[in-house]
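**Student:** Build me a model:
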Amino acid sequence: MSEFINNREHRKKVLREIITDLHEGKPLATVKTRFDEVIKDLAPGELSSVEQSLIDEGLPITEVQRLCDVHSAVFRDALDHAPEVSVVPGHPVYTFRQENRALEKLIRDEIKPLLSELQRAAADKQKAVALGITEKLNLLWDIDKHYSRKENLLFPYLEKHGITAPPQVMWGVDDEIRAQLKATKKLAAAYQPGSHGDLISKAEDTLERIGEMIFKEEKILLPMALETLAEDEWQQILADSDEIGYCLVEPEKGWQPTGGTAEAGRVLKEGNSGNSIKFDTGVLTPKELELIFSHLPVDITFVDKNDTVKFFSATKDRIFPRTRTIIGRKVENCHPPASVHIVDQLVADFKSGKKEQEDFWIHMGEKYVSIRYFAIRDAQGDYQGTLEVTQDIAALQKITGEKRI
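**Tutor:** The predicted model follows:
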């Protein structure tokens with residue numbers, strides 16, 4: 001046993017040294033050679049464990065994110081030989097894997113052949129090929145739902161088990177891939193004959209990064225999640241997945257958890273029973289209150305004074321998806337690393353009294369979305385939390401004249 005512990009600590013030490021060498025700019029070939037000589041049969045969780053340790057010791061998450069692909073390149077050979085844990089069709093991990101196979105097929109059989117065709121096409125044929133590439137890239141954008149389920153359903157449970165660094169790093173890389181894919185789609189849609197080199201280069205880089213993310217999910221993230229999460233947590237992930245949607249494939253049926261209802265669902269359901277609640281302006285049952293929230297023409301989310309998400313309204317057509325796994329989660333962990341500083345500053349301004357509200361507005365396809373944040377204070381003026389109110393105001397902007405009752 002002592003030999004096992006000592007060997008594991010030695011491997012962890014060497015892994016830390018290798019990652020540190022990468023961040024200090026040592027040549028990839030040199031680092032990889034040392035890795036191959038020293039470490040064999042890498043377990044999926046070891047890389048994440050070392051990255052977590054380095055971040056805990058002060059290495060910025062952005063630095064780990066910046067070299068995330070380099071890390072997996074160094075460790076690819078060892079991770080490639082890690083055995084895949086079998087799961088039943090219908091299990092969330094099975095669905096993630098099926099989506100990855102569909103993404104790989106779309107890239108291999110449809111997008112890459114079109115990029116090769118564009119390279120060979122005469123000038124008068126390039127526009128039509130670029131249109132086909134645009135259509136396939138729009139289909140590839142389905143990957144956003146794959147990433148959203150991972151970020152909003154899987155990551156919160158990993159965080160509850162103390163695994164915080166890998167989700168933060170991976171979410172940041174997900175957002176970089178999203179941005180690259182959006183830029184590539186825009187370039188393809190506005191294609192002009194003769195500019196194929198730029199489009200092909202950007203598309204190939206985007207597809208390569210998607211492939212790297214698939215590798216990291218299947219060799220690191222999903223095995224680690226299977227080792228960590230309990231059955232009732234997978235059950236809750238499954239229950240909430242439909243709200244976000246799936247990527248390119250419909251999930252299969254078959255997995256039936258043997259345990260009871262997930263704890264999060266049980267707590268929420270228990271909250272719907274009981275006596276009426278008396279307010280200063282009336283009395284409502286919990287059921288009536290829930291129905292009112294679900295029928296509001298706006299989406300609301302409440303974060304308490306301790307920066308913990310406490311509630312969101314389950315309206316029929318939410319603009320931004322919310323799942324029950326967000327309840328109890330720190331608000332800074334509900335946003336990608338690139339925007340965390342904005343969220344932190346907004347909450348700090350509310351707490352200090354510098355601001356009482358903040359407004360943002362963005363275009364999302366045919367929607368024109370208003371996002372408003374309000375500081376919630378009690379009768380004494382003490383900060384009690386932040387309320388987010390989101391609404392599609394596109395139809396309201398078209399209103400003219402009057403319509404009287």
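
**Student:** who touches stretch 324-342?
**Tutor:** Contacts with stretch 324-342, where a contact means CB atoms under 8 Å, 6 or more residues apart in numbering, come from 61-62, 65, 151-153, 155-157, 159-160, 164, 167-169, 171-172, 174-175, 236-237, 239-240, 264-265, 268, 303, 307-312, 343-344, 347, 386. (Glycine included, C-beta is placed from N, CA and C.)

**Student:** so what's the residue most central in space within the chain up against?
**Tutor:** Computing the C-alpha centroid of the chain and ranking residues by CA atoms, centre = their mean puts E151 first, at 2.7 Å. Contacts of E151 were listed using CB under 8 Å, 6+ apart, and they are 167, 171, 174, 336.

**Student:** Just the local confidence number for it, please.
**Tutor:** The pLDDT attached to E151 in the predicted structure is 95.

**Student:** Distance of it relative to H23?
**Tutor:** The span separating E151 from H23 equals 25 Å under the rule CB to CB, to the nearest Å.

**Student:** Minimum pLDDT in the contacts of E151, which residue is that?
**Tutor:** Among the contacts of E151, pLDDT bottoms out at P336, giving 73.

**Student:** So what's the residue count around that residue?
**Tutor:** The burial metric for P336, expressed as a neighbour count using other CB atoms under 10 Å, is 15.

**Student:** Likewise for Q119?
**Tutor:** As a burial measure, the neighbour count of Q119 was computed by other CB under 10 Å and equals 13.

**Student:** Just say helix, strand or coil for it.
**Tutor:** For Q119, the reduced secondary structure class is helix; criterion used: DSSP: H, G, I helix; E, B strand; the rest coil.

**Student:** Give the full set of residues in contact with it.
**Tutor:** Q119 makes contact with 196, 200, according to CB under 8 Å, 6+ apart.

**Student:** Can you give me the distance of it to Y383?
**Tutor:** From Q119 across to Y383, the span is 59 Å (CB to CB).

**Student:** Same check on N100?
**Tutor:** Distance, N100 to Y383, by CB to CB: 44 Å.

**Student:** E212 now?
**Tutor:** Relative to Y383, and taking CB to CB, E212 is found at 43 Å.

**Student:** Bridged to the closest residue to T386 other than its chain neighbours, which residues?
**Tutor:** Take T386 and drop its neighbours on the chain: the residue closest to it by CB to CB, 6 or more residues apart in numbering is V303, 4.7 Å away. Residues in a beta bridge with V303, per DSSP bridges, are V309, T386.

**Student:** Quick one: residues contacting V303.
**Tutor:** 309-310, 331, 347, 385-388.

**Student:** Let me have these in TSV, extended by distance to A128, pLDDT and neighbour count.
**Tutor:** TSV is the format used below for the contacts of V303 (distance: CB to CB, whole Å; pLDDT from 0 to 100; neighbours: other CB atoms under 10 Å):
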residue	distance to A128	pLDDT	neighbour count
V309	48	89	23
K310	53	90	14
V331	47	85	22
V347	50	94	21
G385	54	96	22
T386	50	96	24
L387	50	97	17
E388	44	95	18
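
**Student:** from these, which single one is nearest F360?
**Tutor:** E388 (10.2 Å; CB to CB).

**Student:** Going by secondary structure, the closest one is in what exactly?
**Tutor:** Per DSSP states H and E, E388 falls inside strand 383-392.

**Student:** after that strand comes which helix or strand?
**Tutor:** Reading on from strand 383-392 to the C-terminus, the next helix or strand found by DSSP H and E is helix 394-397.

**Student:** so what secondary structure elements neighbour that next one?
**Tutor:** Applying 3 or more CB pairs under 8 Å, 6 or more residues apart in numbering; DSSP states H and E, we find helix 394-397 packed against strand 367-377.

**Student:** Now find how far off-centre the strand it packs on is within its chain.
**Tutor:** 22 Å (CA atoms, centre = their mean, to the nearest Å).

**Student:** if we take the contacts of E151, which one ends up nearest to T281?
**Tutor:** The shortest distance between T281 and any of these, using CB to CB, involves P336 and amounts to 38.9 Å.

**Student:** And the closest one, how far from C247?
**Tutor:** From P336 over to C247 the distance is 19 Å, taken as CB to CB.

**Student:** Likewise for P223?
**Tutor:** P223 sits 20 Å away from C247, going by CB to CB.

**Student:** give me the element T134 is part of.
**Tutor:** Assignment of secondary structure by DSSP H and E places T134 within helix 123-140.

**Student:** So H161 versus A230, what's the distance?
**Tutor:** Relative to A230, H161 is positioned 9 Å away (CB to CB).

**Student:** so E212, which of the three states?
**Tutor:** Reduced to three states with three-state DSSP, the structure at E212 is helix.
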